[in-house]
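K.L.:
Give me a 3D structure for the following:
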Amino acid sequence: MIYLDYASTTPMSDKALEVYTEAARHYFGNPRSSHDIGTTASQLLEASRRKTAELFNGSEEGVYFTGGGSEANDLAIRSLVKASKKGNHLITTSTEHSSVLNTFKTLEEEGYRVTYLPVNEYGEVEMKTLKGSLTPETALVSIAHANSEIGAVQKLKEIGQLLAEHNILFHSDCVQTFGKLPLDVRENNLSSISVSGHKIYGPKGVGVCYIAPHVSWGQVIPGTTHENGFRPGTVNVPGIAAFVTAAEDAVANMCKERNRYAELRKKFASEVCKHDRIVIEGHQERALPHIIGLRVKGIEGQYIMLECNRHGFAVSTGSACSIGQQSPSKTLLAIGRDQDEARELVRITFGKFTTEEDVEKTNRFFTQLMQNFEKAKV
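P.N.:
Modelled structure (predicted):
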């Protein structure tokens, strides 16, 4: 089967697997234990923390390891809001990952006022709209670096500068961009970010929440002692070591891979867009090149996905964390598509094992599929 769902998850790299096995065998101690075995594990943990911070120009004191990107998003937002004394107004977008939107919905129930920003036809936040939404009571803004369904990339530097001028905390879900786009928390005035291991050929169940050391945060779960009180549970040292290994490789190969994805995208788009019924959503140059959100007019994405699977192509109908809810894509609704069109979303995402031959085979499949639809007058 040709795997084209890398934005959902990636296989662990050989190097990350080797590091995990080695760390699990020799660094199995609880890093909070006082004996030598625990101390050895703690030393590996702190070395991993330092290296992680270097990858996005942060400070090691602000790195907190979590159980994944979704947990990192939830803990970041809740802990920042809990410590803020500025006001009860929060801002996010209507196209955020479900882990972010669910947290904000809960905060609304707790009495916070939340503004859900609209986006333009390409899924981008307009600076004028954001600026007009700020109030003296705005405590925090959470805007993802890039959208997971159509790859729309936000202008973090401009947003960060605006929010810094108004003394507003800025969180960004960087799960889809870490290791794929340059990320500098200082340059972008980011108070907090979240990243995930299994999007970059690292292990599942490992994520990072970064909170700038100068920013105050409140403990979400009282009595927690691990990760400086940020998160409960014994720290997964082998998984973290494997994550750092994968992250270093991803950052080192970022530019080369991004250029390769851009070429694969051109090859794919040049063929599928010959079919009148196929539409690729989002901006074709400002989006992440490895994420392609497309629609086949008049056909639900679920059907296209199942046909792809039947013929040996693994694709998705959007974010894996939202699949199964039988609801239209929130991203497509936000960019102006109607309910039926929003149900047509099919997401194709490339990864480091995607080849030109894979793309050519995928193009031939879509051509055959369109011909079959035409014959059947579907």
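K.L.:
those helices in the stretch 51-200 of the chain, which residues are they?
P.N.:
Applying DSSP state H, counting those that start in this stretch to the stretch 51-200 of the chain gives helices spanning 69-83, 98-109, 127-133, 156-165.
K.L.:
out of those helices, nearest to residue 233?
P.N.:
Nearest of these to residue 233, taken as C-beta to C-beta: helix 69-83 at 10.2 Å. To be clear about C-beta, it is placed using only N, CA and C from the backbone, and glycine gets the same treatment.
K.L.:
looking at the helices of the stretch 51-200 of the chain, which is closest to residue 201?
P.N.:
Between residue 201 and the helices of the stretch 51-200 of the chain, the shortest separation by C-beta to C-beta is 14.6 Å, and it involves helix 69-83.
K.L.:
Helix or strand for residue 38, just tell me which one.
P.N.:
helix 36-55 (DSSP states H and E).
K.L.:
Can you check the distance spanned by stretch 331-347, start to finish?
P.N.:
For stretch 331-347, the first and last residues are 12 Å from each other (C-alpha to C-alpha, to the nearest Å).
K.L.:
make that stretch 101-116, sorry
P.N.:
Between the opening and closing residues of stretch 101-116 lies a distance of 9 Å (C-alpha to C-alpha).
K.L.:
With stretch 278-296 instead?
P.N.:
Using C-alpha to C-alpha, the span of stretch 278-296 from its first residue to its last is 5 Å.
K.L.:
surely residue 7 meets residue 291?
P.N.:
Yes - assessed by C-beta atoms under 8 Å, residue 7 is found in contact with residue 291 at 5.5 Å.
K.L.:
Between those two, tell me which one has more neighbours.
P.N.:
With other C-beta atoms under 10 Å as the criterion, residue 7 and residue 291 differ in neighbour count, and residue 7 comes out ahead with 28 against 25.
K.L.:
what do residue 7 and residue 291 both touch?
P.N.:
Contact criterion C-beta atoms under 8 Å, 6 or more residues apart in numbering; residues shared by residue 7 and residue 291: 148, 176, 347, 349.
K.L.:
pLDDT score for the first one?
P.N.:
Translated: residue 148. According to the model's per-residue confidence, residue 148 sits at a pLDDT of 97.
K.L.:
One more: the last one?
P.N.:
Reading off the per-residue confidence, residue 349 sits at a pLDDT of 98.
K.L.:
ok so residue 371 is a helix residue?
P.N.:
Yes - applying DSSP: H, G, I helix; E, B strand; the rest coil, one finds residue 371 inside a helix.
K.L.:
Neighbours of it, how many?
P.N.:
As a burial measure, the neighbour count of residue 371 was computed by other C-beta under 10 Å and equals 11.
K.L.:
One more: residue 94?
P.N.:
Using other C-beta under 10 Å, residue 94 is surrounded by 16 other residues.
K.L.:
do the same with residue 354
P.N.:
The criterion is other C-beta under 10 Å. On that basis, residue 354 has 21 neighbouring residues.
K.L.:
Next up, the contacts around it.
P.N.:
Shown in contact with residue 354 (C-beta under 8 Å, 6+ apart): 3, 4, 6, 264.
K.L.:
Figure out the helix or strand that the last one lives in.
P.N.:
Think residue 264. Secondary-structure assignment from DSSP H and E places residue 264 in helix 254-272.
K.L.:
gap between stretch 285-293 and the chain center?
P.N.:
A distance of 13 Å separates the C-alpha centroid of stretch 285-293 from that of its chain, computed with C-alpha atoms, centre = their mean, to the nearest Å.
K.L.:
So which bits of it are buried?
P.N.:
287, 288, 289, 290, 291, 292, 293 (16 or more other C-beta atoms under 10 Å).
K.L.:
neighbours around residue 45, how many?
P.N.:
Tallying neighbours of residue 45 according to other C-beta under 10 Å, which is how burial is gauged here, yields 20.
K.L.:
Please name the residues that touch the closest residue to it other than its chain neighbours.
P.N.:
Excluding the flanking residues, the one nearest residue 45 by C-beta to C-beta, 6 or more residues apart in numbering is residue 31, at 4.8 Å. With contact set as C-beta under 8 Å, 6+ apart, residue 31 has these partners: 38, 41, 42, 44, 45, 235, 237.
K.L.:
Out of those residues, which comes closest to residue 80?
P.N.:
Distance to residue 80, by C-beta to C-beta, is smallest for residue 235 among the contacts of residue 31, at 21.7 Å.
K.L.:
Contacts only, for that closest one.
P.N.:
Shown here is residue 235, whose contacts under the criterion C-beta under 8 Å, 6+ apart are 30, 31, 32, 45, 65, 226, 227.
K.L.:
pretty sure the last one is touching residue 63, no?
P.N.:
Translated: residue 227. No - because the distance of 9.0 Å does not satisfy C-beta under 8 Å, residue 227 is recorded as not touching residue 63.
K.L.:
Walking through the stretch 201-350 of the chain, point out its helices one by one.
P.N.:
Under the criterion DSSP H, counting those that start in this stretch, the stretch 201-350 of the chain carries helices at the ranges 237-252, 254-272, 301-310, 330-334, 339-342.
K.L.:
re earlier: next, the buried residues of the helix holding residue 264.
P.N.:
By 16+ other C-beta under 10 Å, the buried positions in helix 254-272 come out as 254, 257, 260, 261, 262, 264, 265, 268, 269, 271, 272.
K.L.:
Need the pLDDT of the closest residue in space to residue 141 that isn't next to it in sequence.
P.N.:
Setting aside the residues directly before and after it, residue 141 is nearest to residue 91 in space (C-beta to C-beta, 6+ apart), at 4.4 Å. In this model, residue 91 is scored at 98, pLDDT.
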